[in-house]
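K.L.:
coordinates only, sequence not included:
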């Protein structure tokens, strides 16, 4: 979940460029077992290694022109055919899902009881979830992960995984968050999917063993990138984006730390700049 206030988000979207950056060649294998094309196979979960180039696109028509080995795309909005096309291009594909917040625009939104819906999280149509209610949320998230698997995704990026650090409307604790995040990781692994820890920097030391990679927004802007090094030391990729800093401001540190870094617009369309 990005930390931009809503008014600034609207301004950023109005000013965002409409053109796509030209594709740039960024070599790098996917590494680890399960390499090559195709979705997850039993006993062959993908293990992305530090330094892999990637593309993160959650809005707009899928643009397959970025010459990178990893794509992170919306799990609901993209089809099995989209995933298969990326696999034919030699890419691994990550399924973006929100696991810590409810979104009123998703096809399964009506399956979430009102009792688990909390405050808005700053994004239109989204509300925090009561992650203590694993009896309710566990089956719902398992169903979403089944969708990712059925479409052929290799991994999942579960978003909004740090509710306990926000005003959710529920008295969530760090222990609640650890329990829930590990549940999501276990559900993904049970389906042969790799899984990334989204933000949640404070719990990285405890959660590195449970997750296969990390996804981070704006660690350079907030001077937090050093806190992601446990993943790199464990041989696990850190997929990182900045929205406001020019690449000259964060790329030298990204290279030093072994991060896979991009500059993106807030709408997370096809446009990208790389280190």
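P.N.:
Arrived safely. Keep in mind that what you see is a predicted model, and the values were worked out from it rather than measured.
K.L.:
do a quick rundown of the strands in this protein.
P.N.:
Chain-ordered strands for the chain, with DSSP state E as the definition, fall at 54-57, 70-74, 92-98, 101-103, 117-120, 126-129, 155-159, 194-198, 213-217, 238-242, 260-263, 273-274.
K.L.:
residue ranges in this structure under the pLDDT threshold?
P.N.:
Of all residues in the chain, those with pLDDT under 70 make up the ranges 1-43.
K.L.:
tell me which residue lies nearest the centroid of it.
P.N.:
Centroid-nearest residue in the chain: residue 157, 3.4 Å away (criterion: C-alpha atoms, centre = their mean).
K.L.:
same list (the strands of the chain) but as CSV, adding distance to residue 229.
P.N.:
(Glycine included, C-beta is placed from N, CA and C.) Output for these, formatted as CSV (distance: least, C-beta to C-beta, whole Å):
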stretch, distance to residue 229
strand 54-57, 18
strand 70-74, 20
strand 92-98, 21
strand 101-103, 28
strand 117-120, 32
strand 126-129, 29
strand 155-159, 20
strand 194-198, 14
strand 213-217, 10
strand 238-242, 8
strand 260-263, 14
strand 273-274, 21
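K.L.:
pretty sure residue 115 is touching residue 137, no?
P.N.:
No - Residue 115 is beyond contact range of residue 137, at 11.2 Å (criterion: C-beta atoms under 8 Å).
K.L.:
so the residue lying farthest from the centre of the chain versus residue 45, what's the distance?
P.N.:
Here the chain reaches farthest from its C-alpha mean at residue 115, the gap being 26.2 Å by C-alpha atoms, centre = their mean. In this view, residue 115 and residue 45 are 34 Å apart by C-beta to C-beta, to the nearest Å.
K.L.:
again with residue 130
P.N.:
Distance from residue 130 to residue 45, counting by C-beta to C-beta: 30 Å.
K.L.:
now swap in residue 171 and tell me
P.N.:
When distance is defined by C-beta to C-beta, residue 171 is 35 Å away from residue 45.
K.L.:
give me the more crowded residue out of these two.
P.N.:
Ranked by neighbour count (other C-beta atoms under 10 Å), residue 171 and residue 45 place residue 45 first, with 20 against 9.
K.L.:
so residue 71 is in contact with residue 92, correct?
P.N.:
Yes - using C-beta under 8 Å, residue 71 makes contact with residue 92 at a distance of 7.5 Å.
K.L.:
and for residue 173, nearest residue in space, chain neighbours not counted?
P.N.:
The spatially closest residue to residue 173, leaving aside those adjacent along the chain, is residue 164, at 6.0 Å (C-beta to C-beta, 6 or more residues apart in numbering).
K.L.:
check contacts around the one you found.
P.N.:
Residues in contact with residue 164, defined by C-beta atoms under 8 Å, 6 or more residues apart in numbering, are 131, 172-174, 176-177.
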